[in-house]
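[1] Return a 3D structure for these sequence lines:
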Amino acid sequence: GGMQAVVETWRNITAVGAKPLAITNCLNFANPQRPEIMGQIVGCLEGMSQACRALDYPIVSGNVSLYNESKATGGGSAILPTPAIGGVGLMADWSKSATVAFKGTGDVIVLIGSPKREIGQSLWLREVHGIEGREAGPPPSIDLDAERRTGDLVREAITAGHLTAVHDVSDGGIAVTVAEMALAGNIGALIQFPEQGEACRQLFAEDQGLYIATVEDTALMDFLANAHQAGVEVERIGRTAGTRLIFEREDGDFVVSLDDLRRAHEGFFPSLMGADAALA
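    Presented below is the predicted three-dimensional model:
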């Protein structure tokens, strides 16, 4: 968990084209006098340390919040271990920064990095199937060497102007990442994966070290050549087009309009707070 929190901030900063410099943290845990809680703290710190050293991304400040638990339920109701990480980076020229929004119709959509289709601890399992905790399996694995290679390539490509939109893959997997990019730019997409696999893993696995980006045809070959030289896997998975998201699959296409997607996205909090009538 600690390692994953660090590398996600590293990807967030990288995805705009900035060089990640350093992090601060707030480590939130329950009672450290309990051995299992102290074990969580130690494991978290070890993971953070490994990530920071591998990515040359030091911790320059931080604090802790301990004893976060309640006896209201009979004792022992501890919060989940929560390392909150904030990162900072630097850009030589902010005008070259990338955003998540699709910029135009017809751009090639690429998946940057090596997908492993690891579905453990995903939103898909928790929200769709109600599976969480230990029953949801191990979290996605992290290859710190690959993280660095992939991130360096993405930053260089943004600076060179090869990528028109960039978003790191996180909660919800590739499907949610593409949806967020489409909503931000109000442009749809046709996604055609080169290989067929289990749909839930292909769309919703929260693999680490992945980015979705768009590339104009004129820049595609240069970008692919640079990726090959850097030893980073890149797959062409579709194009921006229309006003719908279409995920083409042999076992049946998944199609949703941007209007329906936006309504569901923007209506979440009002619905959660019991304000359904306000959306009518």
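[2] so where's the stretch 1-150 of the chain uncertain?
    71-76 (pLDDT under 70).
[3] all helices for it, in order.
    For the stretch 1-150 of the chain, the helices defined by DSSP state H, counting those that start in this stretch cover 2-14, 35-55, 123, 129, 144-160.
[4] First-to-last residue distance for stretch 94-104?
    Stretch 94-104 has an end-to-end distance of 21 Å (Cα to Cα, to the nearest Å).
[5] sorry, back to before: please identify the most buried of the helices of the stretch 1-150 of the chain.
    Among the helices of the stretch 1-150 of the chain, ranked by average contacts under mean count of other Cβ atoms under 10 Å, first place goes to helix 2-14 (a mean of 24). The way it works is simple: take the backbone N, C-alpha and C, and place the C-beta from them, glycine included.
[6] now that one, how far from the centre of its chain.
    Relative to its parent chain, helix 2-14 has a centroid offset of 9 Å by Cα atoms, centre = their mean, to the nearest Å.
[7] Over to stretch 108-126?
    9 Å.
[8] How about stretch 30-47?
    25 Å.
[9] Stretch 192-208 too?
    The answer for stretch 192-208 is 14 Å, by Cα atoms, centre = their mean.
[10] Output the helices of the stretch 1-150 of the chain in JSON lines, with distance to M273 appended to each entry.
    JSON lines is the format used below for the helices of the stretch 1-150 of the chain (distance: least, Cβ to Cβ, whole Å):
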{"stretch": "helix 2-14", "distance to M273": "28"}
{"stretch": "helix 35-55", "distance to M273": "32"}
{"stretch": "helix 123", "distance to M273": "20"}
{"stretch": "helix 129", "distance to M273": "25"}
{"stretch": "helix 144-160", "distance to M273": "37"}
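[11] Any idea which of these gets closest to H265?
    Closest approach to H265 among these is made by helix 123 (14.0 Å; Cβ to Cβ).
[12] Who are the contact partners of A136?
    Neighbour list for A136: G120, Q121, S122, L125, R126 [criterion: Cβ atoms under 8 Å, 6 or more residues apart in numbering].
[13] and which of those is nearest to E235?
    Nearest to E235 among the contacts of A136: S122, at 20.2 Å, using Cβ to Cβ.
[14] Which residue, neighbours along the chain excluded, lies closest to the closest one?
    Spatial nearest neighbour of S122, excluding adjacent residues (Cβ to Cβ, 6 or more residues apart in numbering): E206 at 4.9 Å.
[15] these two touch, right, that neighbour and E118?
    Yes: using Cβ atoms under 8 Å, E206 is in contact with E118, at 7.4 Å.
[16] any shared contact partners between the two?
    P140.
[17] still on that earlier bit, counting neighbours, which of the contacts of A136 comes out on top?
    Using other Cβ atoms under 10 Å as the neighbour criterion, S122 leads these with 26 neighbours.
[18] give the contact list for that residue.
    Here S122 is in contact with A136, G172, G173, F204, A205, E206 (criterion: Cβ under 8 Å, 6+ apart).
[19] what about stretch 180-200, start to end distance?
    With Cα to Cα, one end of stretch 180-200 sits 18 Å from the other.
[20] Residues touching that stretch, excluding its own?
    For stretch 180-200, contacts defined as Cβ under 8 Å, 6+ apart pick out 99-105, 109, 117, 119, 124, 165, 167, 178, 202, 212, 214, 235-251, 254, 258, 261-262, 265.
[21] In strands only, show me the residues you listed.
    Among the contacts of stretch 180-200, DSSP state E puts 109, 165, 167, 212, 214, 235-240, 244-248, 254 in strands.
[22] ok, of those residues, which come out buried?
    109, 165, 167, 212, 214, 237-240, 244-247 (16 or more other Cβ atoms under 10 Å).
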